[in-house]
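**Q** my questions concern the predicted model and sequence given below.
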Amino acid sequence: QVQLVESGGDLVQPGGSLRLSCAASGFTFSHSAMGWVRQAPGKGLEWVSGINSAGSVTNYVDPVKGRFTISRDNAKTTLYLQMKQLKPEDTAVYYCAKDSRNGEYDYWGQGTPVTVSS
């Protein structure tokens, strides 16, 4: 079965950095576009970033452009999100998700919490 397991979330000070990882299994990772979605406390889901199956095309929501970098290692079936210059408004649970090819995500991980606070 499809499994997505995120890790790397932590408490970090403003201006700090974190790298999130998402270990994928149960499907052909190298054939699937992937993404990161976050949910801040008391708010709805916000798409953060996406990457195509080859890793050659990436997209970001405006507030994270220039600070976050999505990448993938298809040999290790792992998705990453490098986050720099973190701000308190980046505080959220971060989920990795598998693209269904229909414009939606069909599988989600359990999430990893990121807290940006001094």
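**A** Looks like it arrived, so ask away. Everything numeric in this text was worked out from a predicted model, so none of it was measured.
**Q** who's in contact with the closest residue to residue 19 other than its chain neighbours?
**A** Nearest residue to residue 19, sequence neighbours excluded (C-beta to C-beta, 6 or more residues apart in numbering): residue 82, at 5.0 Å. C-betas here are computed from N, CA, C, even on glycine. If a contact means C-beta atoms under 8 Å, 6 or more residues apart in numbering, then residue 82 has 17, 18, 19, 68, 69, 70, 71 as its contacts.
**Q** buried ones among those residues?
**A** 18, 68, 69, 70 (16 or more other C-beta atoms under 10 Å).
**Q** could I get the phi/psi values of residue 28?
**A** phi -80, psi 90 (degrees, to the nearest 10).
**Q** and for it, the neighbour number?
**A** Around residue 28 there are 10 other residues, counting by other C-beta atoms under 10 Å.
**Q** measure it to residue 37 for me?
**A** According to C-beta to C-beta, to the nearest Å, residue 28 and residue 37 sit 21 Å apart.
**Q** tell me which residue is most central in this structure.
**A** residue 36 (3.0 Å; C-alpha atoms, centre = their mean).
**Q** ok, it touching residue 45?
**A** No - here residue 36 does not reach residue 45: they are 11.0 Å apart, not a contact under C-beta atoms under 8 Å.
**Q** need the residues touching each of those two.
**A** Going by C-beta under 8 Å, 6+ apart, residues that sit against residue 36 and also against residue 45 are residue 95.
**Q** point out where the protein drops to low pLDDT.
**A** Judged against pLDDT under 70, the chain has no low-scoring part.
**Q** cutoff 80 now
**A** Within the chain, the stretches with pLDDT under 80 are 103.
**Q** where do the strands sit along it?
**A** Using DSSP state E, the strands of the chain run over 3-7, 11-12, 18-25, 34-39, 45-51, 58-60, 68-73, 78-83, 92-99, 105-108, 112-116.
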